[in-house]
Structure formats: structure tokens, C-alpha cells
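*Asks:* just coords:
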């Protein structure tokens, strides 16, 4: 069995928590849950892929900038709430 990379696990956990929270705050139907989960995943992946570091000494477990991932995920989630049908 192949092992999961620590960065992928952290990104998946962050995205699932943020997507679930967004669904709790703004979700009206169950079909919104995959939208919020995917949007949070995209936001977390963007900060990891572009190696964003707004805070010089922020926490970076396994190379994932937590503060930047959180900010990017919530920006994407807020945009998704405004653009969804």
C-alpha cells in the first residue's frame, strides 16, 4: 500500500473542514456540499501550488502554508457563495 504524502493529507483535511463549515453557514441543500468541498480544495491547492507566503514566520507543516491556505480557501468559498445558482 502506498503512503499518502503529508502535504496532500493536510490539504485534504483543511479543505474538508473549511468546506463543511461553509456548508454549515451558507448551504441550503445537500447538493451545495460538493461545491463547497471542491471550492475549498481549489483554494488550498492554489496557495500550495503558488507557494504563497504572506506571513514570514507562519506555520508551514509539510510545506503547506496554513494561514495562506485558510485565507485562499475562504476567499474562494465566499466567491462561490456569491456565484452559485
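*Replies:* Sure, I can see it. For clarity, every value in this text was computed on a predicted model and none was experimentally measured.
*Asks:* CA atoms for contacts and neighbours, from now on please.
*Replies:* Noted.
*Asks:* which secondary structure element is home to the nearest residue to residue 11 once chain neighbours are set aside?
*Replies:* With sequence-adjacent residues excluded and distances taken as C-alpha to C-alpha, 6 or more residues apart in numbering, residue 11 is closest to residue 44, at 6.2 Å. Element membership of residue 44, judged by DSSP states H and E, is helix 32-49.
*Asks:* what is that helix packed up against?
*Replies:* helix 6-26, helix 66-83 (3 or more C-alpha pairs under 8 Å, 6 or more residues apart in numbering; DSSP states H and E).
*Asks:* now for these, which one comes closest to residue 37?
*Replies:* Ranking the helices and strands packed on helix 32-49 by proximity to residue 37 (C-alpha to C-alpha) places helix 6-26 first, at 4.3 Å.
*Asks:* and the contacts of stretch 50-66?
*Replies:* Applying C-alpha atoms under 8 Å, 6 or more residues apart in numbering, the external contacts of stretch 50-66 come out as 6, 7, 10, 11, 47, 48, 67, 68.
*Asks:* let's see it at 7 Å
*Replies:* Residues from elsewhere that reach stretch 50-66, judged by C-alpha atoms under 7 Å, 6 or more residues apart in numbering: 6, 7, 48, 67, 68.
*Asks:* one more: stretch 67-77?
*Replies:* With C-alpha under 7 Å, 6+ apart as the test, stretch 67-77 has contacts from 36, 39, 40, 43, 44, 47, 52, 53, 54, 58.
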